[in-house]
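S.K.: Sequence first, predicted coordinates after that:
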Amino acid sequence: MNSVLNSPAAVTGSDGAIHLCAERLSVGYDGKAVVQDITLDLKRGQALALVGMNGSGKSTLLKTVVGLLAPLAGRLEVMGAAPGRTPQRIAYLSQFHASGFVLPLRAVDVVQMGRFTARGLLGRMHSEDSDIVADAMRRMGIEKMAQMPVRSLSGGQQQRVYLAQTLARRADLLVLDEPTASLDAAGKEIYMQVIAGELARGVSVAAATHDINEASSCDLVMLLAHRVIALGPPRDTITPEALLETFGIVLMSRGEQGRLAVVSREHEHDE
């Protein structure tokens, strides 16, 4: 996969606009903190990767950013306001998508849902909205699947549909929880190219991922293990020592074409 997220064409926040600001932030459920003392600034046109094991706090932090969970302590501003106050400027992709299985929806129906924030649930779609939906599907390579029932698609194809829905929001901040889950190599390459395009137009991205190569292409990487192990540029955070704290017993190596491989013997899986 090419490292395109921090390409020279991308906007790097030079205008000073901060899309996500956290200071001594604690996040969790039912008053119990999962991760504490998070401090970061994510500027316009920057990408942040959250990396860690399942249950390390990645999803909890993202849900707090979009306003689904209340911060337990500290300060959090999203697009200059409290979390959840600017929904029209934020697009959230969760790990779970039930709508395609409960209702007999076509792929294009799901992508059109990305325009509900702009038009309302019962609002009439304009030609501009149709163009945006078609463009999002084209960019994700699913335009030929538009009329197909979502439930008939493979897992990777469904993920492309939901990513297209996220793009159709035309948001300023993309909050993505495991966006490359179920994607094959071609799908991941499309995703990386699409995100590079979003960053180039000044969109910011905060994404949870298990993919170290994906993380290494971002401006900032946060390693989580119920606490912040490291936060900063990939060259400073993706180190054997930091990965050891994050994943347990690990071996960091470079495989084909210089791709990073992190093998956790303790948890018996590859990242």
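M.R.: Arrived safely, thanks for sending.

S.K.: what's the helix or strand for residue 77?
M.R.: Residue 77 is part of strand 73-78, with elements assigned from DSSP states H and E.

S.K.: Could you pull up the mean pLDDT of that strand?
M.R.: Model confidence over strand 73-78, given as mean pLDDT, is 98.

S.K.: roughly how far is whatever helix or strand comes next after it from the heart of the chain?
M.R.: Using DSSP H and E, the helix or strand that follows strand 73-78 in sequence is strand 90-93. Taking Cα atoms, centre = their mean, to the nearest Å, one finds the center of strand 90-93 at 8 Å from the center of the full chain.

S.K.: Now do strand 90-93, average pLDDT.
M.R.: The average pLDDT for strand 90-93 rounds to 97.

S.K.: The closest residue to residue 207 other than its chain neighbours in helix, strand or coil?
M.R.: Distances taken as Cβ to Cβ, 6 or more residues apart in numbering put residue 176 closest to residue 207, at 4.1 Å, once the chain neighbours are dropped. To be clear about C-beta, it is placed using only N, CA and C from the backbone, and glycine gets the same treatment. At residue 176 the chain is in strand, as set by DSSP: H, G, I helix; E, B strand; the rest coil.

S.K.: cool, and the one 3 residues further on?
M.R.: The local conformation at residue 179, judged by three-state DSSP, is coil.

S.K.: For the stretch 1-150 of the chain, which residues score under the pLDDT cut-off?
M.R.: The stretch 1-150 of the chain contains residues with pLDDT under 70 at 1-16, 98-103, 118-123.

S.K.: Tell me where it has strands.
M.R.: Under the criterion DSSP state E, counting those that start in this stretch, the stretch 1-150 of the chain contains strands at 18-29, 32-43, 47-52, 73-78, 90-93.

S.K.: Including mean neighbour count and distance to residue 144, could the ones you listed go into TSV?
M.R.: What follows is the strands of the stretch 1-150 of the chain, written out as TSV (neighbours: other Cβ atoms under 10 Å; distance: least, Cβ to Cβ, whole Å):
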stretch	mean neighbour count	distance to residue 144
strand 18-29	19	34
strand 32-43	18	35
strand 47-52	26	29
strand 73-78	17	36
strand 90-93	23	22
